[in-house]
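Sequence first, then the predicted structure:
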Amino acid sequence: MSAMRDVDDALVELARELPIARPDAERRETMRAGLLAQAELAAPRRSARGRWIAIGGVALAAAAAVAFFASRGSSPVSPAAIDAPAPRAEVIAIGASDYDHVAETSAAGTSDVVRLRDGRLRVNAPLPLRVDIGDAEVDGERGGAYEIAVEHGAIREVAVERGHAQIKVKGAKTIFLSSGETWKPTIQTATFDPPARPPVIAPPPAPIAPRTPAHHSISISHEAVPDPDLAEARSPKPEAPAAAKPLSESEQSFTTGWALLRAGHFADAAQHFGAAVDSDPNSPLADDARYFQAVALARAGRTGDAEHVLTTFLDHAPRSLRRGRASLMLGWLLAARGERDAARARFDDAARDPDDSIAAGARAGLAALDQR
Amino acid sequence: MSAAPSRGRVVPLRRLDERRAAVSDISDEALLAACGVGDTAALGALFDRHHEAVSRLVSRLLSAEPSAIDDLVQTTFLEAWRAAKTFRGAGSVRSWIYGIAANAVRHHVRSAVRRRGAIASLPEPPPSRGPDDAAARAQLVSRLAAAMDALPHDLRAAFVLCDLEEVPGVEAARALGVRAGTLWRRLHEARRALRAALDGGAR
């Protein structure tokens, strides 16, 4: 009897290792948006006009929250507006990060590879993706989401939020991680940072030019604006002052807007994002600034302005990875204003987004329009 | 002057103001009662409080079809909203919501079309990595996942609710709408099937 109980305990322990859904903030807010919008529709006591106002309010708040939560861990400069075939995985730098996101072509097909040299990345990969870090690599499974921190070319932490990941460090056993698990190397510096290696962060001889794409690959370089919180948390780097590149006016405005947005000062944040756009209207940073300006405006209750900025964003960056989110938010804004046809067009656009959560939010929007 | 009702429904005194967001001290029962009178802010609060647990439950009941999980979680809370007035307080609100979720998943897997989709999207087992302990365990987990997917829904629900979610047996039986004896029988069968699947793979 006792032996049977032990077997059952082992069975349960094993079953707890099965991957489970752990919706991130973005998916959660999408679910919440759809749920509350449908509940409002089901509520019997409001007039049609009042109901739509309520739906609009709920959905707007939720849609803004989607964008806000999605933005919380994002880099100020993202791959959003790069004019290249969109990589299939979403790779978001958290703070200052030095990495390339490339599509490698081989006989087996095309696959996403990220080469991370310094910083912290959040990876959301609908398909398997490999992250190369000096002497190590991290393989994430299809549908996985995880964060990887690297310092001076050495892996420092891997945290799996969804799915599984394998960490292969040269000369060490492969490590398997499941949802909710975090791994850190036991030996911090000596093991992963060979002394013979030249410093990763070296003073650039000239303004940084885009890295030359390798044959068969799409190379995207990122020089993210430093996140003040992360910068403080990191250990001082002797060579960093020489490598520091002064922020442009646009980057300074963006960084300030970012800090204000995270602090909940939405109107001020919108103003600074607007200044970032005005400083350099045609840069990829300006597209991101427009997007976050719209988020800030929506959170500040200036929905008309948010609508206008979102429209401009979609016009300027039609291939942005944030297109779906922007369309979804704009759809709810338009629906709240009674612009059913325009809202439907935006929801239709968002429904084609490869991110299931965005597509589901769009379908909820379309359903809400149909049920009116 | 009469005191609060000695038992039965919890009557909300006011609509929740989401902007104040001071819902942490409001019980699940009060939130559900507020849902019963059409308070969407209460629904939002209930979702915030329980969506992780419900997502986990649905995921464990439907691991072969991850794309349907969000939809089923949403459906679960929408059904809870619609049925809020029927909650009688016999068990915890979470168990009651679990029951709704299990029912939603059962309806979902009974659909033949979706069933085909589920089979088509079965996760690929991880590649063999040799005689490594971690790899061996990963393979064991993979085999268990396949065995779980092969379990009939009722058995799987009993195993997930009782063994993984640790819902008390009486509450789990109530949530699933069966007698306690039926639940224990299903749980026993589920464990036996899973053990057999693991043993069979080891040979």
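Right, received. Where do you want to start?

In contact with the residue nearest the centre of chain B: list those residues for me.
For chain B, the residue nearest the mean C-alpha position is residue B:57 (3.6 Å; C-alpha atoms, centre = their mean). Contacts for residue B:57 (C-beta atoms under 8 Å, 6 or more residues apart in numbering or on different chains) come out as B:98, B:101, B:102, B:160, B:161, B:165. (Glycine included, C-beta is placed from N, CA and C.)

Need the mean per-residue confidence for the helix or strand hosting residue A:344.
Using DSSP states H and E, residue A:344 maps to helix A:340-351. Mean per-residue pLDDT for helix A:340-351: 91.

So what touches that helix?
So helix A:340-351 is contacted by A:323-325, A:327-328, A:330-332, A:334-335, A:358-359, A:361-363, A:365-366, A:369, A:372 (C-beta under 8 Å, 6+ apart).

Next: stretch A:172-186.
A:17, A:19-20, A:22, A:146, A:154-169, A:191-192, B:129, B:132, B:134-135, B:137-138.

Take those residues and keep only those in helices.
B:134, B:135, B:137, B:138 (DSSP state H).

For the stretch 151-300 of chain A, which segments count as helices?
In chain order, the stretch 151-300 of chain A shows helices spanning A:228-233, A:240-243, A:249-263, A:266-279, A:284-299, with DSSP state H, counting those that start in this stretch as the criterion.

Ignore what I typed, I meant chain B.
B:28-36, B:40-61, B:69-82, B:93-110, B:112-120, B:133-150, B:153-159, B:169-176, B:180-202.

Nearest to residue A:102 among those would be which one?
Residue A:102 lies closest, by C-beta to C-beta, to one member of the helices of chain B: helix B:133-150, at 28.1 Å.

The host helix or strand of residue A:307 vs helix A:340-351, what angle?
In the assignment (DSSP H and E), residue A:307 maps to helix A:303-316. Angle, helix A:303-316 to helix A:340-351, by axes from the mean of the first three to the mean of the last three C-alpha atoms, to 10 degrees: 50 degrees.

Show me what secondary structure element comes after helix A:303-316.
Past helix A:303-316, the next helix or strand by DSSP H and E is helix A:323-336.

thinking again about what came up before, worst average pLDDT in the helices of chain B?
helix B:112-120 (a mean of 47).

Now do the contacts for the residue of chain B found nearest chain A.
Distance from chain A to each residue of chain B (C-beta to the nearest C-beta) is smallest for residue B:59, at 3.6 Å. Contact analysis of residue B:59 by C-beta under 8 Å, 6+ apart lists A:19, A:20, A:21, B:66, B:69.

Including distance to residue A:354, could these go into CSV?
Formatted as CSV, the contacts of residue B:59 follow (distance: C-beta to C-beta, whole Å):
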residue, distance to residue A:354
A:19, 21
A:20, 23
A:21, 18
B:66, 15
B:69, 17
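
Format those residues as JSON lines; extra columns: neighbour count and distance to residue A:12.
What follows is the contacts of residue B:59, written out as JSON lines (neighbours: other C-beta atoms under 10 Å in any protein chain shown; distance: C-beta to C-beta, whole Å):
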{"residue": "A:19", "neighbour count": "22", "distance to residue A:12": "16"}
{"residue": "A:20", "neighbour count": "21", "distance to residue A:12": "14"}
{"residue": "A:21", "neighbour count": "24", "distance to residue A:12": "19"}
{"residue": "B:66", "neighbour count": "20", "distance to residue A:12": "22"}
{"residue": "B:69", "neighbour count": "25", "distance to residue A:12": "22"}
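
what's the closest of these to residue B:183?
residue A:20 (22.2 Å).

pLDDT score assigned to that closest one?
So residue A:20 comes in at 80 (pLDDT).

Compute the distance between it and chain B, please.
As judged by C-beta to the nearest C-beta, to the nearest Å, residue A:20 and chain B stand 4 Å apart.

what about the helix or strand residue A:360 falls within, average pLDDT?
Assigned by DSSP H and E, residue A:360 falls within helix A:356-371. Over the span of helix A:356-371, the pLDDT mean works out to 78.

and it, what does it pack onto?
In terms of contacts (3 or more C-beta pairs under 8 Å, 6 or more residues apart in numbering or on different chains; DSSP states H and E), helix A:356-371 is packed against helix A:25-42, helix A:48-72, helix A:323-336, helix A:340-351, helix B:69-82.

One more pass at 7 Å, please.
helix A:25-42, helix A:323-336, helix A:340-351, helix B:69-82 (3 or more C-beta pairs under 7 Å, 6 or more residues apart in numbering or on different chains; DSSP states H and E).

from those, which stretch is densest packed?
Among the helices and strands packed on helix A:356-371, helix A:323-336 has the highest mean neighbour count (mean count of other C-beta atoms under 10 Å in any protein chain shown), at a mean of 27.

Tell me what angle that helix forms with helix A:340-351.
160 degrees.

so helix A:323-336 versus helix A:356-371, what angle?
20 degrees.

Just list what helix A:323-336 packs against, helices and strands only.
By 3+ C-beta pairs under 7 Å, 6+ apart, helix A:323-336 packs against helix A:48-72, helix A:303-316, helix A:340-351, helix A:356-371.

now that helix: mean pLDDT?
pLDDT averaged over helix A:323-336 gives 83.

Report the inter-axis angle for it versus helix A:284-299.
30 degrees.

Tabulate the CA atom coordinates of helix A:323-336 in CSV.
The C-alpha coordinates for helix A:323-336 follow below in CSV (Å, rounded to 0.1, in the frame of the first residue of the first chain):
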residue,chain,number,x,y,z
ARG,A,323,1.1,46.5,-36.3
GLY,A,324,-1.4,43.9,-34.9
ARG,A,325,-1.4,45.5,-31.5
ALA,A,326,-1.8,48.9,-32.9
SER,A,327,-4.7,47.8,-35.1
LEU,A,328,-6.4,46.1,-32.2
MET,A,329,-6.2,49.1,-30.0
LEU,A,330,-7.4,51.4,-32.8
GLY,A,331,-10.2,49.0,-33.5
TRP,A,332,-11.5,49.3,-30.0
LEU,A,333,-11.1,53.1,-30.1
LEU,A,334,-13.1,53.3,-33.3
ALA,A,335,-15.8,50.9,-32.0
ALA,A,336,-16.2,53.0,-28.8
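
For residue A:304, find the nearest of the helices of chain B.
Comparing the helices of chain B under C-beta to C-beta, the one sitting nearest is helix B:40-61, at 24.2 Å.

How far off centre is the closest one?
Chain-centre distance of helix B:40-61: 9 Å, with C-alpha atoms, centre = their mean, to the nearest Å.

For chain B, what's the nearest residue on chain A?
residue A:21 (3.6 Å).

which residues touch that residue?
Taking C-beta atoms under 7 Å, 6 or more residues apart in numbering or on different chains as the contact definition, residue A:21 lies against B:55, B:56, B:59, B:66, B:69.
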